[in-house]
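# pasting the structure only:
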């Protein structure tokens, strides 16, 4: 049995849903289908989830939402119409859209969560109707029905592993395909709460583990995960298979194909993941598997880079001799509600690397002021933009000299690094670099390793 | 004017003190002489400071100290006798040794501090007597007389910078050489308190800064600081000059020639330091100078290594997403009074490197137990022995490719690394390595850089 999850672009319109239908019809093992909300149909289109969030905002602010409601309804109607679904089949969906603004919510957070969740919630209902209409018996499954419970973090919820027991009771011994909305679960109190954005991958992984699926298929709009960003390297090598850990490290530094939290249920259940392309379903895609199943022939599986970082550098003589020094710095960070990513240290030097997307200028200013006055460093520098390159590969585990193959091409191209961090993870090397040099560095490393 | 400090081996016996006398006599600018306690005369000899600590222990435990007192007196007498110093000149020293066990001390810590400090205290008195006897007018200066004040940390005191004002008042307009005992100062309450072991270097640096000396000469038993440990490389390159920062980084990882805390006054006063050999005083030695005074021709100035470390490795999925995670770890460390050296992190991995000489097995066991139960890592490993190699050089600042010259020879020799940390400090690269591979690694790197 396979759990097959389809992303927003695979469900953006009727033409795409027809492809999904063909994929499901071609394999009776595709029993459990997890769906996202309809995504973008073209570059500047708006995702249904974002339309719903605008609708939520209008509701909170008590402004006129007539137009946005119409736009949302039209997205579902357009899909229904494509398959000539009778209008009365959509009346129920329209009614739920209207009803959203009149329900009572425990808080604004739960309001936003419920509006957002309806992108998937309504789409799963629609997909079940369309499939049945096209001749594949399909049943909509509400996550509540199978006890998919989450904690009280309304818009960034964590799955409650106790739910696996009830999910496992779902009867698969039926001729129906089961259509489940991704992205959300229910709290103990019965409120809808969503995972973080892109969280339908998590629902898919939870279902795959809960039902002990043979495979978790994750349908997207790329035919494979590539070894490097295709905007940097033309036609890069496709990754045929990689381990869970490799995926996790690559997604950290910019590989956004698969939600990193969705790896956990797969690891725990030993579920193999197959990233596939809805538009090219016969391509093998990329398999993400347990480490025992894969023998990488190359030292490096993938190279990711992201410029979403910022860094602080400080120097003070005899820093190293001060017990509790880092603790004092971390307490300053905590005081300003700032989390950090890495903290490489020299003897009298400390660098702290942050995810700049999580920081406001005010937080940065306050933190720097407190560090200057409490810590009194001899030198304190702020680098507002900092690039990180992750070179990832199970093949680097205990491999001597992987670093040489990385730093030699950089030297040849005259590209200097701000940080090299090897050894904290056995399967990756992390480089810190000026953001404007990152693409050139990635290309130099890729060419040396993959074209040699 | 020069401040000249002589270490324990330079003052171990009469023959050595004769050399010190000759050195002082040969240069009238050697006005201020800072002396250590008499050190070892031969390999298995005991330093006078260690004899005094045994005497302190006997005093605390109220056991018979007759023999140890005799041994201590004999060390000073042997030196006096070598110069045919009249016996009455030593009576005063004998009396002070006897008197040590009958004085009142504020605490056991102050007792140990006072006993230890007397190694230098009595030796400075003796050296002044010997010099005067040999025809160089010399005067013993008690640190109390010049207001050399320290904090209340009896056995690892910190110098109070306010004392510079009183030190600066010392009248140098005299024909006498001024003999000052190293290693200790006085607290506000007038108790003797010592710096950490080897702290005479600190006294020398304080005097040099306080008196705005033209040069701080530090006489030891080596003719230069070598670029690498001579037990690993036969006849290694001598370092003619290096910067304060280079010295600091090298001493961290095993270069023990100069006390690292003694660098601070030199930096603050811009005082040049000259490491020289009492037994080969004409050799130029090694100069430690401000960064503006030196232009290194090699990228690497020195390579140090030390196996005094231990490491903890832990892995947990989505570690990186947990705000406050490191803070929790550091709080566990604080609870067990453990300080750490470095903390390189991956995405879901964290390595913490400790100075194992500062840890008891009990502390380690308790810390690991708390981390296991509070943090619940997927993997938790303890490496009881961990080597660190520091490759240090001002020439690496902004230099592209220094790392290549370090990792390439290691790859060629099949030596793998556990950690590479570059970039936290601009002038060094830190490597983590299995202790039994460290010497081979140092040799491979040295040969590649210094013999190329």
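Looks like it arrived, so ask away. As the structure is a computational prediction, the values presented were derived from the model and not from experiment. Numbers count the residues shown, from 1 in each chain, chains lettered A, B, ... in the order given.
# And for residue A:408, nearest residue in space, chain neighbours not counted?
Distance criterion Cβ to Cβ, 6 or more residues apart in numbering or on different chains; nearest residue to residue A:408, sequence neighbours excluded, is residue B:404 at 5.4 Å. Using the backbone N, CA and C atoms, a C-beta is placed for each residue, glycine as well.
# got the angle between the strand or helix carrying the one you found and helix A:402-412?
Taking DSSP states H and E as the definition, one finds residue B:404 inside helix B:402-412. Using axes from the mean of the first three to the mean of the last three Cα atoms, to 10 degrees, the interaxial angle of helix B:402-412 with respect to helix A:402-412 works out to 140 degrees.
# strands paired with the following helix or strand past helix B:402-412, and their directions?
Per DSSP H and E, helix B:402-412 leads on to strand B:419-422 as the next helix or strand towards the C-terminus. Strand B:419-422 sits in its sheet next to strand A:419-422 (antiparallel), strand B:428-433 (antiparallel), going by DSSP bridges.
# Could you pull up the residues touching whichever residue of the stretch 101-250 of chain A sits closest to chain B?
Closest approach between the stretch 101-250 of chain A and chain B, counting by Cβ to the nearest Cβ: residue A:249, at 5.6 Å. With Cβ atoms under 8 Å, 6 or more residues apart in numbering or on different chains as the criterion, the residues that contact residue A:249 are A:304, A:390, A:392, A:425, A:427-428, B:346-347.
# for residue A:264, same thing?
Neighbour list for residue A:264: A:205, B:317-318 [criterion: Cβ under 8 Å, 6+ apart].
# buried ones in the helix or strand encompassing it?
In the assignment (DSSP H and E), residue A:264 maps to helix A:263-269. Buried residues in helix A:263-269, defined by neighbour count with 16 or more other Cβ atoms under 10 Å in any protein chain shown: A:263-267, A:269.
# What is the nearest of those residues to residue A:212?
residue A:269 (6.7 Å; Cβ to Cβ).
# re the thing from before, now the contacts of residue A:249 in JSON lines, please, with extra columns for distance to residue A:145, neighbour count and secondary structure.
Supplementary listing: the contacts of residue A:249 in JSON lines, determined by distance: Cβ to Cβ, whole Å; neighbours: other Cβ atoms under 10 Å in any protein chain shown; DSSP: H, G, I helix; E, B strand; the rest coil:
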{"residue": "A:304", "distance to residue A:145": "39", "neighbour count": "22", "secondary structure": "strand"}
{"residue": "A:390", "distance to residue A:145": "40", "neighbour count": "24", "secondary structure": "strand"}
{"residue": "A:392", "distance to residue A:145": "39", "neighbour count": "30", "secondary structure": "strand"}
{"residue": "A:425", "distance to residue A:145": "40", "neighbour count": "26", "secondary structure": "coil"}
{"residue": "A:427", "distance to residue A:145": "40", "neighbour count": "24", "secondary structure": "coil"}
{"residue": "A:428", "distance to residue A:145": "41", "neighbour count": "30", "secondary structure": "strand"}
{"residue": "B:346", "distance to residue A:145": "40", "neighbour count": "25", "secondary structure": "coil"}
{"residue": "B:347", "distance to residue A:145": "36", "neighbour count": "27", "secondary structure": "coil"}
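# Phi, psi for the closest residue to residue A:291 other than its chain neighbours please.
Nearest residue to residue A:291, sequence neighbours excluded (Cβ to Cβ, 6+ apart): residue A:243, at 4.6 Å. Residue A:243 has phi and psi values of phi -90, psi 170 when expressed as degrees, to the nearest 10.
# Break chain A down into its domains, please.
In the domain annotation for chain A, the residue ranges read A:2-221, A:302-450 (automatic domain parsing).
# Quickly note the distance from the residue nearest the centre of chain A to chain B.
For chain A, the residue sitting closest to the mean C-alpha position, by Cα atoms, centre = their mean, is residue A:259 at 2.4 Å. Taken as Cβ to the nearest Cβ, to the nearest Å, the spacing of residue A:259 relative to chain B amounts to 12 Å.
# Low-confidence bits of chain A, can you list those?
Using pLDDT under 70 as the threshold, the predicted model of chain A has low-confidence ranges A:296, A:321, A:323, A:398, A:452.
# Need the single longest helix in it, by residues.
For chain A, the helix with the greatest residue count under DSSP state H is helix A:108-134.
# what helices or strands is the next helix or strand after that helix leaning on?
Using DSSP H and E, the helix or strand that follows helix A:108-134 in sequence is strand A:138-140. Other elements packing on strand A:138-140 under the criterion 3 or more Cβ pairs under 8 Å, 6 or more residues apart in numbering or on different chains; DSSP states H and E are helix A:108-134, strand A:177-181.
# what's the residue of the stretch 201-350 of chain A found nearest chain B in contact with, if anything?
Scanning the stretch 201-350 of chain A for proximity to chain B using Cβ to the nearest Cβ identifies residue A:346 as nearest, at 3.1 Å. With contact set as Cβ under 8 Å, 6+ apart, residue A:346 has these partners: B:249, B:421, B:424-425, B:428, B:430.
# Tabulate those in TSV, adding columns for distance to residue B:295.
Conversion of those to TSV gives the following (distance: Cβ to Cβ, whole Å):
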residue	distance to residue B:295
B:249	18
B:421	26
B:424	24
B:425	19
B:428	18
B:430	24
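# isn't residue A:368 right up against residue A:381?
No. Residue A:368 lies out of contact with residue A:381 (Cβ atoms under 8 Å); the separation is 9.8 Å.
# Common neighbours of these two, please.
Once Cβ under 8 Å, 6+ apart is applied, the residues that residue A:368 and residue A:381 both contact turn out to be residue A:312.
# Please work out how many residues are found near the residue nearest to the residue nearest to the centre of chain A when sequence neighbours are not counted.
Distances taken as Cβ to Cβ, 6+ apart put residue A:201 closest to residue A:259, at 3.8 Å, once the chain neighbours are dropped. Taking other Cβ atoms under 10 Å in any protein chain shown as the neighbour definition, residue A:201 ends up with a count of 28.
# And residue A:215, by the same measure?
Neighbour count for residue A:215, taken as other Cβ under 10 Å: 17.
# Name the nearest residue to it, ignoring sequence neighbours.
In space, residue A:215 comes closest to residue A:2 once its chain neighbours are excluded; the distance is 4.7 Å by Cβ to Cβ, 6+ apart.
# Any idea what the one you found is bridged to?
Beta-bridge partners for residue A:2, by DSSP bridges, are residue A:30, residue A:215.
# As JSON lines, the contacts of residue A:249 with distance to residue B:186 would be great.
As requested, the contacts of residue A:249 are arranged in JSON lines below (distance: Cβ to Cβ, whole Å):
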{"residue": "A:304", "distance to residue B:186": "60"}
{"residue": "A:390", "distance to residue B:186": "55"}
{"residue": "A:392", "distance to residue B:186": "59"}
{"residue": "A:425", "distance to residue B:186": "51"}
{"residue": "A:427", "distance to residue B:186": "57"}
{"residue": "A:428", "distance to residue B:186": "54"}
{"residue": "B:346", "distance to residue B:186": "49"}
{"residue": "B:347", "distance to residue B:186": "52"}
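# hang on, the earlier thing: need phi/psi at the residue nearest to residue A:259.
Dihedral angles phi and psi of residue A:201 (degrees, to the nearest 10) take the values phi -60, psi -40.
# For the residue nearest to residue A:408, list the residues it contacts.
Counting by Cβ under 8 Å, 6+ apart, residue B:404 makes contact with A:404, A:407-408, A:411.
# Tell me the one of those nearest residue A:163?
For the contacts of residue B:404, the minimum distance to residue A:163 (Cβ to Cβ) is 47.0 Å, reached by residue A:407.
# just checking, that closest one touches residue B:410?
No. Taking contact to mean Cβ under 8 Å, the distance of 11.8 Å between residue A:407 and residue B:410 leaves them out of contact.
# one step back: gap between the residue of the stretch 201-350 of chain A closest to chain B and residue B:390?
Residue A:346 sits 9 Å away from residue B:390 when distances are taken as Cβ to Cβ, to the nearest Å.
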